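**Student:** need coordinates for the below:
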Amino acid sequence: IGNATGQVGGFAVIEVLNAERTYIYGGAQCNLALWARIMQTVAATLPPNAYCIRISLGLAIHAFGEAIDEGMSALLARIQAALQALTIKTQIDQQEVLVPLELKVGYVIYPDDTGKVPFQQVTSAAAMAAVNFDLLYRDARVRRYSRELAAEMSDIGRTEAQLIRSIDTANFELYFQPQVDMLTGQVTSAEALARWTSPGFNPGATGRYVGLIERTRYVLAFTNLTLRKMAAFVKRNDAVLPPNFRIGLNLSQAVFRWNPHSVLPLLSELVDEHPAMARRLSIELTESAYFNKTYAESLVQLMQDIKSMGIRLVVDDFGSGYGALRLLAENVVNAVKLDVAIVHAICSGELSSMFVRNLVYSAAMTRFDIVAEGIETQLQERKMLLHGVQYGQGYRYSAALPEREFLAYLKRGERGPVDQPWPPQAVQPVV
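**Tutor:** Model prediction:
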């Protein structure tokens, strides 16, 4: 904080994430209203010795004339090329440097795409086409508005509002999918998964729902609530769970984008309230979380702090990249879960078995467990055992179950379909 008189001060840039999402709730006017509130909030918070220097905005272009339908794409391509070659002169050494601009462009042809509507709605349509690319078209950079796109975005807006209400009212449940020792058939652990079962939600759309939550700051409230639901489950059922039984919970990497410092205090609080949490809980982090170098170092420190509490650490979706190799080398984690695509590629012969053999050897040296996700058939199970992978998770054993059914499953000692004598004596792990 400072002023223009040369006094020593500080300078801050605030990036307001997801502000553009107001377009799917109410169009351009809603977006302008939000930015007005943002600026008013900042202005009301600043002390007398501070001031706001600038605000970053996008551009709106109105082109008109004959054959504009064909000409618009060419015009936008020229603008993109010009902006992507843009350079600025640095203030320090007066050198020309390239500005790494990432562009997302939406456009609309009036009245072909919208019908005869007020101009304000036309600009809102173009704005709608410019935002949320990664929800619908991940590789797009220029997108034309269509009524189909508007319907999709409207559905996203309604779904987000539903999800936010479900978090505010704790209106979702934890289901539990067993993990099995494939040599003995014993259920050794489980993964807790959020499920929305109330009217208006599609039980098969959990992945989409979680993805939408992860795009907003509500991922923090969702994570907080999920951990508290987990603590309540442990408190209710600790006495009936088998010894050394752990429940895994996936910690979204989106948490680190919003507030990486919120997790450890909450876990510490829950362990203090429910000491059994430390010996019952496993925290799962996807390997891709480690790819983001912005928070990779803080992630490693966080994992070490969590592990020091007695909580088990697992790298989820291992094999989707090489981001977690350091975590294995430094003995930070207790287990890795092989990505479903990797498991299926190994079982189908598309991927060299040397990958798994080397991983099994590393596991033997550093004493971490390996879990194969997506086990659906006896053949997949046998192949992973032949490669030395002892633990499996997937529909061969069970889908994710609500609490009561899961506890009954544990009590019966079920392991899923049995289509041969168990255990298969001819199958032994590779060491």
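**Student:** which ones are touching the closest residue to Arg312 other than its chain neighbours?
**Tutor:** Nearest residue to Arg312, sequence neighbours excluded (C-beta to C-beta, 6 or more residues apart in numbering): Ser282, at 4.0 Å. No exception for glycine: its C-beta is placed from N, CA and C like everyone else's. Under the criterion of C-beta atoms under 8 Å, 6 or more residues apart in numbering, the contact partners of Ser282 comprise Ser189, Arg246, Ile247, Gly248, Leu249, Ile311, Arg312, Leu313, Val314, Asn334, Ala335.
**Student:** switch to 10 Å and redo it
**Tutor:** For Ser282, the residues meeting the contact criterion (C-beta atoms under 10 Å, 6 or more residues apart in numbering) are 179, 189-192, 246-250, 311-314, 334-335.
**Student:** tell me which of these is nearest to Phe172?
**Tutor:** Ala192 (11.6 Å; C-beta to C-beta).
**Student:** which of the helices or strands spans the closest one?
**Tutor:** Using DSSP states H and E, the secondary-structure element containing Ala192 is strand 187-195.
**Student:** count of neighbours near Leu385?
**Tutor:** By other C-beta atoms under 10 Å, the residues close to Leu385 number 21.
**Student:** element containing it, please.
**Tutor:** Per DSSP H and E: Leu385 is located in helix 378-386.
**Student:** from the contact counts, what lies against that helix?
**Tutor:** Secondary-structure packing of helix 378-386 (3 or more C-beta pairs under 10 Å, 6 or more residues apart in numbering; DSSP states H and E): helix 340-348, helix 354-366, strand 369-373, strand 391-393.
**Student:** alpha carbons of it, as CSV, please.
**Tutor:** Extracted as CSV, the C-alpha positions of helix 378-386 are listed here (Å, rounded to 0.1, in the frame of the first residue of the first chain):
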residue,chain,number,x,y,z
GLN,A,378,-11.7,-62.0,-13.5
LEU,A,379,-9.2,-61.7,-16.4
GLN,A,380,-8.2,-58.2,-15.4
GLU,A,381,-7.8,-59.3,-11.8
ARG,A,382,-5.6,-62.3,-12.8
LYS,A,383,-3.4,-60.2,-15.1
MET,A,384,-2.8,-57.6,-12.4
LEU,A,385,-1.9,-60.3,-9.9
LEU,A,386,0.5,-61.8,-12.4
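**Student:** mean confidence for that helix?
**Tutor:** Here helix 378-386 scores 92 as its mean pLDDT.
**Student:** how about the helices in the stretch 201-350 of the chain?
**Tutor:** Using DSSP state H, counting those that start in this stretch, the helices found in the stretch 201-350 of the chain span residues 206-214, 218-237, 254-258, 263-273, 276-280, 296-308, 325-329, 340-348.
**Student:** may I have the predicted confidence score for Asn224?
**Tutor:** Among the per-residue scores, Asn224 holds a pLDDT of 94.
**Student:** and the residue lying closest to it once chain neighbours are set aside, how many neighbours?
**Tutor:** With C-beta to C-beta, 6+ apart as the criterion, Asn224 has its nearest non-adjacent residue at 6.0 Å, and that residue is Leu266. Around Leu266 sit 15 other residues, with neighbours defined as other C-beta under 10 Å.
**Student:** so Leu266 sits against Thr223, correct?
**Tutor:** Yes. Leu266 is in contact with Thr223 according to C-beta atoms under 10 Å; the separation is 8.0 Å.
**Student:** what ranges does the stretch 1-150 of the chain have for its strands?
**Tutor:** Listed in chain order, the strands of the stretch 1-150 of the chain (DSSP state E, counting those that start in this stretch) span residues 87-89, 96-98, 105-107, 142-144.
**Student:** if we can go back for a sec, the residue nearest to Arg312 pairs with what?
**Tutor:** Counting by DSSP bridges, Ser282 forms beta bridges with Gly248, Arg312.
**Student:** ok, back up a step: how far does the strand holding Ala192 sit from its chain's centre?
**Tutor:** 18 Å (C-alpha atoms, centre = their mean, to the nearest Å).
**Student:** what lies in contact with stretch 206-222?
**Tutor:** 17-18, 21, 132, 134-135, 156, 159-160, 162-164, 166-168, 170, 172, 175, 193-196, 201-202, 205, 223, 225, 250, 252-255, 257-259, 262-263, 266, 400.
**Student:** so how do I select the buried members of those residues in PyMOL?
**Tutor:** Of the contacts of stretch 206-222, the buried ones go into a single PyMOL selection, burial set by 16 or more other C-beta atoms under 10 Å:
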select buried, resi 21+132+135+156+159+160+162+163+164+166+167+172+175+193+194+195+196+201+223+225+250+252+253+254+255+257+258+263+400
